[in-house]
Each structure stands twice: as structure tokens, then as C-alpha cells.
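A.B. asks: the sequence and its predicted three-dimensional model are supplied below.
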Protein chains: 2
Amino acid sequence: MRKSATALAMTESTILKDADTNVPLYLKVARALQQQIAIGEYPIGSLLPTEVELGTRYGVSRQTVRQAIQFLRQQKLLSAKKGVGTRVEARQPQRGYYFALHSLTQIFQFAAEAALHVDREEEIEVRGALAAELASRPGRKWLHLVGTRQTIGNDLPISWTEVYIDGRYARLFRGSKIHHSAIFSAIENSSGEPVTEVQQEINATVLSKELAASLKAEPGSPALVITRRYFGAGHRLFEMSVNVHPADRFSYAISLKRELTWENEPGSKR
Amino acid sequence: MRKSATALAMTESTILKDADTNVPLYLKVARALQQQIAIGEYPIGSLLPTEVELGTRYGVSRQTVRQAIQFLRQQKLLSAKKGVGTRVEARQPQRGYYFALHSLTQIFQFAAEAALHVDREEEIEVRGALAAELASRPGRKWLHLVGTRQTIGNDLPISWTEVYIDGRYARLFRGSKIHHSAIFSAIENSSGEPVTEVQQEINATVLSKELAASLKAEPGSPALVITRRYFGAGHRLFEMSVNVHPADRFSYAISLKRELTWENEPGSKR
DNA sequence: ATCTATTTGTGCGTATGTATG
DNA sequence: TCATACATACGCACAAATAGA
């Protein structure tokens, strides 16, 4: 005779009476909600019943409902706003594919090991197609470096490299014949502006006579062309680089791992 | 005279008296803890004081401490186990770089649009180098497909493609002259075994006479070679594919975004 | 423009369950 | 066996944001 709340909510709370004992209540609620969402009972963009409402429906406390909702929010299935409610964001628990690597220097590890030897350096005012490619207003100043990347003790360059650097950071690189770290990380460290996005485009080419000479490679042999664009806050591009890698000296490897959304959730057996 | 707990904990609780009002208490605690970790006060691998202990130290309830710890656990700075304690996992909030794209079909969108036209199909027992490359015991059966990927209404193939499929799933692909979806997703859908990891390797080559003929391209012209390995549960490889893309018909683009760890945290001003 | 009801967010108290050593 | 420490669950009170009257 202590609580009659459960009796009032038999319709839906029965869902939670799953055989699975030892599964936390809040996960059962979360699962029930997710199913309702998957079915389309709560369409994308719609508001869920209030936390209190859900609590009485399922016969659990508001705290438990909140835990369930929080769990689903971590998976980006739900979003919540004060004074408004809890909104359905997706029908499926978007399990994205993630990089197995954790830092840019790991991803572009070669840049950390291979120093950039500058053959040519010029300050330019971008115009026309180049301005468009750099998403820059014509007339803005950029620093243009051309050279090769080489590892110590190896006279064969890993790549022929061309870099465009936002004029604001030109002073960091002017006049130096060699750069030991990656350009973007030097900018990141000195300016404190973090890289928020990197776009990469990869294509193939055959080496021209000139490029082959710089790279000490065979003219007509295959090479990878990797173009990278680095963006800071506000989606502002501050560096672009073009790297030409002879195929026999470099290959590009990435590993994607699927995220396990509830890997670290205490509940549920492991 | 209601609570004297705060008085006993003046030493550390003062940390929380930051000017920042309107910042939730649990975030202040989290920040304090993170600082202690960053300093090395709580080294990696060590156990934090118990939740109750931290509560009295900072003059907050155990619930609030739990919220703070949970926040840091989401960032993989901490991990907790029943009956043991809360362990320090990292000193810095590992901000990884993530794919901007969310599903494999988006990432390899061409595969969804371009059907695989099979020119040759054979059941093989792998040996030697091939067995090693497939991480398979010699003598195991694999299905080997060779063909091209083409979009409808376009007679120029996007790629010449070679696929090795674990014998267990061979029945799904045997005898078909054309496959409209990506191989891995067909396997995923029919077997329920999810892809947990994809390794990709990208290199450049020039087209041989034979390949050029299959692709209706110029011999000696550049092409991208993309090798993909698909792993299921237990890091077991179940598919490998080699794709040769003429450079002028295909380029590989990826975008990495840095994760903002507390983007969706209700607290803190936005 | 103001007030008000609604809804989520924060904070704390308490009790009990359960894995660990 | 037993104390320890985190995990779950419920209760309550108030703050803050929002939308609508």
C-alpha cells in the first residue's frame, strides 16, 4: 500500500518488466524510448513528453527518466533545452566511423619527422583563381613556400611541397631555410588559434620532368598529390599545402573505427 | 547552524569560490579536479579520493561530485569501477580529430551509386602471400571477384575493382553478374555482423595496358589505388578490396573536424 | 512589455544494490 | 566474511529559460 503510482501506469510500464533483471532501470527506459523513436512514434523534430509525464507513464522517478534521457543525449538521439522540452534529433543511434588516431601529428606523422627544406619563398598578393582557392579576398597577403620534405639521413625527398600561409602568420616562417615541425602546429602553438577542421583531397599524377628532377625520381612515374586545407575558428582558412609524393616512397594509410556508443556505460553486462 | 560541513573543508572548497557565478557547481568541481590532474597531483593510473571524501573536501554533496566525475569520464579523463574507485586515465582531455561524415555509405558514396560489374568470379583457397595479406590460415576458402564499378548512364568505369570475400559470406555474392550495393554493407545486413574497423591504404600508380583497356583509359596515365580491409568483431578480416581509379575520374576527399568535448553540456555560457 | 505557467537544469538528502579486495 | 566504493533509484526544492497570455 505504499505506492500506487505503478498501478496507474500499467499500460506502458509493463514494457519495463522485461525478463532482463540486473539491467538498470534507466537503461530499460532508454531502450523503450529509443524503440518508440525508431518506430516513428516520436518523429524527428518532435518534443518528447515532459520528464514528469514520462516518469508517471513508466512508473519511475523523474531522476531515472533524466538519466535515460541523458544517455540518449550522449548518442545525439535527443537534445534538450530549458523551458522548452526534449527534442528528437535522430531515429537511429548514429554510430559514426572515427579515426583510430588521436592527434594530427600522429595522422601526419611524416611531417613531424620530415623537415621542410625551402627552395623558394615569396610574399604574394593573391588574385583570381588562387584567391578563390584560398577563399581569400583578392589583394590579401599570403606567404608562399616551395620546397621538399626530407627525413634526416635520407637524400631522397618524401615529397615536393608547396605551402600557402595566411599573411598574419608569415612572420613565423619568413627567412627560414628549413622548418622542422608541421606548419599548422607551429601556427597553432604560437597563435593559440586551434585547428578546427582539416580538409584533405588525394589524387594521383605522373611526375613532370621538373618535379622529377626536384624529387630525384623518374619522369613519368606515379605520385600521390595530397592537398590539405587547414581551418581555424569561424571556418577561416589559414593554410593550404600541396604535397606530391612519389608512389614508391609514400603511401597514405588511415584506419577508421566504429564508435561503440555505450562502451563505458556502467550498466549492462560486459 | 544548519551545516558545518563547509567550515571543515575551507582548504579546498575555496577553489570553487571562483568569481564565475552562474557556472554550475559540478562543472567547477570538474574543472578543479581536471586541474589537479593536469598538475600531476593525481597521476595517471592513480585512484582519486572517494566520492564521499571529495564531497567533504570541496564542501559539496556526493551527487554533485558524481556529476563532475561523470563529466570527466565522458572525456575519458577518468574511469570508475565498483568497489575499487575512480582512476585517472589521462592528463589532457584528448581532443581527437573526427570524421565530418557519419556513415560509411557517405564516405564511400560512390559505391552506393556505382554498381560492381563482375567480369570474373572464382572460389579460391588462399596460400602464401595472399593468405598472409588476408590474415587467413592457408587453405581457407575465399571468393574472388574481379570487375569494374560503373555509374548508370556512364560508360566510363569509375574503377577497376578486385574483391576478396570470406568464404562464409560467399553465398551472398556467388553467381551474380552485378552488385548494386557495397559489398561490406551487404554482408553487414545479411549476417548482422557489424563492421568495427576499416583500414584504408592509398597509393598511386600508372595504368598498365591491360588495366587501361578494362577502364577505357590511356595506358601510362595516373591512377589512385585504394586498398580497403574490413574487420568485424574480434578484429577478424572478412573482406578486402583493391580499387584502381583513373585520376581524372575520381579523387579522394576527407574532412576531419576537431571534437568540441563539451559542446552539448547544458552548463557554461554559449 | 510584463507576468505566468511550463519545462529542463542544478543541488542535495537518503536508502539500497553490487562488485571488489 | 566483511568493510569499502561506486551504481542505482527515489524524493524534494529551487533556479533559469522559454513560450504564451
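C.D. replies: Great, that's in hand.

A.B. asks: every contact and neighbour count from this point should use C-alpha atoms.
C.D. replies: Noted.

A.B. asks: all helices for chain A, in order.
C.D. replies: Under the criterion DSSP state H, chain A contains helices at A:5-8, A:10-13, A:25-39, A:51-58, A:62-74, A:104-107, A:109-113, A:128-133, A:183-191, A:209-215.

A.B. asks: got the contact list for the fifth one?
C.D. replies: Spelled out, it's helix A:62-74. A:25-27, A:29-30, A:34, A:51-52, A:54-55, A:78-79 (Cα atoms under 8 Å, 6 or more residues apart in numbering or on different chains).

A.B. asks: restrict those residues to contacts with DNA strand C.
C.D. replies: A:51-52 (Cα under 7 Å from any atom of the strand).

A.B. asks: so which of the contacts of helix A:62-74 comes closest to chain B?
C.D. replies: A:S79 (8.4 Å; Cα to the nearest Cα).

A.B. asks: contacts only, for the nearest residue to the closest one once chain neighbours are set aside.
C.D. replies: In this structure, A:S79 finds its nearest non-sequential neighbour in A:R87, 5.2 Å apart by Cα to Cα, 6 or more residues apart in numbering or on different chains. Going by Cα under 8 Å, 6+ apart, A:R87 touches A:44-48, A:78-80.

A.B. asks: got the confidence number for A:R87?
C.D. replies: A:R87 is assigned 95 on the pLDDT scale.

A.B. asks: before we move on, back to that, adding mean pLDDT and mean neighbour count, write the helices of chain A out as TSV.
C.D. replies: As requested, those are exported to TSV (pLDDT from 0 to 100; neighbours: other Cα atoms under 10 Å in any protein chain shown):
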stretch	mean pLDDT	mean neighbour count
helix A:5-8	39	13
helix A:10-13	53	16
helix A:25-39	94	19
helix A:51-58	95	18
helix A:62-74	95	19
helix A:104-107	61	16
helix A:109-113	65	17
helix A:128-133	94	12
helix A:183-191	89	16
helix A:209-215	97	15
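
A.B. asks: out of those helices, nearest to A:A253?
C.D. replies: helix A:104-107 (9.0 Å; Cα to Cα).

A.B. asks: hmm, A:I178 is touching A:D119, no?
C.D. replies: No: with contact defined as Cα atoms under 8 Å, A:I178 does not reach A:D119; the gap is 9.2 Å.

A.B. asks: what's opposite A:K257 in the beta bridge?
C.D. replies: A:K257 forms beta bridges with A:Y98, B:E197, as assigned by DSSP bridges.

A.B. asks: isn't it up against B:P194?
C.D. replies: No: using Cα under 8 Å, A:K257 is not in contact with B:P194, being 11.3 Å away.

A.B. asks: ok, the closest residue to A:A90 other than its chain neighbours - contacts?
C.D. replies: Among residues not flanking A:A90 along the chain, A:L77 sits closest, at 4.9 Å (Cα to Cα, 6+ apart). A:L77 is in contact with A:88-94, counting by Cα under 8 Å, 6+ apart.

A.B. asks: where's A:L77 relative to DNA strand D, distance?
C.D. replies: Counting by Cα to the nearest atom of the strand, to the nearest Å, the separation of A:L77 from DNA strand D is 19 Å.

A.B. asks: against DNA strand C, how distant is that residue?
C.D. replies: Going from A:L77 to DNA strand C by Cα to the nearest atom of the strand gives 13 Å.

A.B. asks: tell me the confidence at that residue?
C.D. replies: 93.

A.B. asks: phi, psi for it please.
C.D. replies: Backbone torsions for A:L77, taken as degrees, to the nearest 10, come to phi -80, psi -30.
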